[in-house]
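Chemist: Generate a structure from the sequence data that follows.
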Amino acid sequence: MFKLRSFSPRVTVVTLALLLGGCASMPPAELGKAPVDAPSRSAVQSAPADYVGKAVRWGGEILSVDNARGYTDVEIYGRPLFDNAEPSPEGGDGVRFIARVQRFLDPVQYKPGKRLTVQGRLQAALTRPVGEFEYRYPLVAVDAMHLWPAYQSPPLPAWYRDPYYDPWWPWGPWGPHRHWPYGW
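Modeler: Just a heads-up that it's a prediction; the model follows:
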């Protein structure tokens, strides 16, 4: 006969902790650990000389790729990073930065709209025009990076229906489509 054994509460707690810990997403291996006390993009933009040489892990949406002799500058619109180092599709402090990679990056692969996370050290800021405005870009000399796909919002489930949509209101598809009693 099969006899069911009861587990101690300690074993149950440890098992649940391991199972839930396995659900946590990890940053890509090439990025390693996030730097401690990394400055924000807005702080670096306002006083770039104070942060030269500091390690950062920043990410965001690619705006442009400029290949030069021996390096590539990637202009990125900064976004906050999730725990797994993936850039959020929205939010941020509105600061653009330049990620300088010491090799050729194909503009077809690193096209605008995709998201990039970089890890490296801050260099002296660059001033370049955005339209007719001179903009000061924080510059990151990239040691490691990870390219994410362009963000696509998750699809709505097939059973989802807009609770405010009613094709028959007020008198069906053939009736007057006024917002009774307002008439607009």
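Chemist: what's the spacing between residue 57 and residue 98?
Modeler: Computed as Cβ to Cβ, to the nearest Å, the residue 57 to residue 98 distance reads 15 Å. (Each C-beta comes from the backbone N, C-alpha and C, glycine too.)
Chemist: scratch that, residue 91
Modeler: Residue 91 is 20 Å from residue 98, by Cβ to Cβ.
Chemist: same thing with residue 120?
Modeler: 11 Å.
Chemist: quick one: low-confidence ranges for the chain?
Modeler: Within the chain, the stretches with pLDDT under 70 are 1-25, 162, 164-184.
Chemist: Spell out for me which residue occupies the centre of the protein.
Modeler: residue 87 (1.2 Å; Cα atoms, centre = their mean).
Chemist: What residues are bridge-paired with that one?
Modeler: Bridge pairing for residue 87 (DSSP bridges) gives the partners residue 81.
Chemist: and it, what is it in contact with?
Modeler: For residue 87, the contacting residues are 59-61, 79-81, 115-117, 148, by Cβ atoms under 8 Å, 6 or more residues apart in numbering.
Chemist: Residue 123 and residue 140 touch, don't they?
Modeler: Yes: contact criterion Cβ atoms under 8 Å: residue 123 and residue 140 qualify, at 7.3 Å.
Chemist: Settle it for me: which of these two has more neighbours?
Modeler: Taking neighbours as other Cβ atoms under 10 Å, residue 123 and residue 140 compare with residue 140 leading, 27 against 16.
Chemist: Quick one: distance of the helix or strand hosting the more buried one to the chain centre.
Modeler: Per DSSP states H and E: residue 140 is located in strand 133-148. Relative to its chain's centre, strand 133-148 lies at 14 Å (Cα atoms, centre = their mean, to the nearest Å).
Chemist: Direction included, what does that strand pair against?
Modeler: strand 96-101 (parallel), strand 115-130 (antiparallel).
Chemist: quick one on the thing from earlier: which of residue 91 and residue 98 has more neighbours?
Modeler: Between residue 91 and residue 98, counting by other Cβ under 10 Å, residue 98 is the more crowded of the two (21 against 10).
Chemist: which ones are touching that one?
Modeler: With contact taken as Cβ under 8 Å, 6+ apart, residue 98 is in contact with 73-76, 126, 137-140.
Chemist: quick one on the thing from earlier: what do residue 123 and residue 140 both touch?
Modeler: residue 100.
Chemist: mind putting the contacts of residue 98 in JSON lines, distance to residue 50 included?
Modeler: Below are those laid out as JSON lines (distance: Cβ to Cβ, whole Å):
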{"residue": "73", "distance to residue 50": "22"}
{"residue": "74", "distance to residue 50": "24"}
{"residue": "75", "distance to residue 50": "23"}
{"residue": "76", "distance to residue 50": "21"}
{"residue": "126", "distance to residue 50": "16"}
{"residue": "137", "distance to residue 50": "16"}
{"residue": "138", "distance to residue 50": "11"}
{"residue": "139", "distance to residue 50": "14"}
{"residue": "140", "distance to residue 50": "15"}
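Chemist: No further questions, thank you.
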